[in-house]
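>>> need coordinates for the following:
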Amino acid sequence: MNTQSHDWPRLDEHATVSQSDLLKACGLCVQEMEELIEYGAIVPLALEQGEPCFSAECVIPLREAVKLRVVFDLDIFTVVLLMEGLQRIEALTHRVRTLESMVSRRERVMMTMQEPIDVGVSSRVPRTLHETRQSR
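Numbering: from 1, shown residues only. As a prediction, this is how the structure comes out:
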């Protein structure tokens, strides 16, 4: 699998990544990966060619958490907590986008329903109380 950084954002939940590719992409050693598996932060899906593979969904949050680990000199357990938080943020962001698209579709439908319908009423209808008094 190609591990170029620009390819990772396009991976979806159905794609898988091998342990060696995940190690390279995130800058982890095997021992750190084993600790992440032990803590339940990442879960191997199956073995491919004798090597565990993982859901590609974990790549981006794991990379972000490892970056923060380096910047703030955090332990591996804190990386687990960061990953959980980042995955939750991503899930909520996805839900917000879905709801926003539903609202915008509904608004478009409502706007088309509110277009004026010609029912043969005079085009000169008073708009204010002052116009109404003047027309009498």
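>>> avg pLDDT for the helix ranked longest in the chain?
Ordering each helix of the chain by length in residues (DSSP state H) puts helix 76-113 first. Across helix 76-113, pLDDT averages out at 87.
>>> assumed L28 was part of a helix.
No: L28 is assigned coil when assessed by DSSP: H, G, I helix; E, B strand; the rest coil, not a helix.
>>> surely it touches V66?
Yes: using C-beta atoms under 8 Å, L28 makes contact with V66 at a distance of 6.4 Å. Any C-beta I mention is one placed from the backbone N, CA and C, and that applies to glycine too.
>>> hang on, the earlier thing: tell me what the longest helix of the chain is packed against?
On a contact count with 3 or more C-beta pairs under 8 Å, 6 or more residues apart in numbering; DSSP states H and E, helix 76-113 meets helix 30-39, helix 59-72.
>>> among those helices, which is nearest S104?
helix 59-72 (26.2 Å; C-beta to C-beta).
>>> buried ones in the closest one, by neighbour count?
V59, I60, P61, L62, R63, E64, A65, V66, R69 (16 or more other C-beta atoms under 10 Å).
>>> and which of these is nearest to R108?
I60 (32.0 Å).
>>> so what pLDDT did the closest one get?
For I60, pLDDT reads 87.
>>> what does T128 give?
On the pLDDT scale, T128 gets 57.
>>> show me what the helix or strand containing P52 is packed up against.
Applying DSSP states H and E as the criterion places P52 in strand 51-55. Under the contact definition 3+ C-beta pairs under 8 Å, 6+ apart, strand 51-55 sits against strand 16-18, helix 19-26, strand 46-48.
>>> 6 Å instead?
strand 16-18, helix 19-26 (3 or more C-beta pairs under 6 Å, 6 or more residues apart in numbering; DSSP states H and E).
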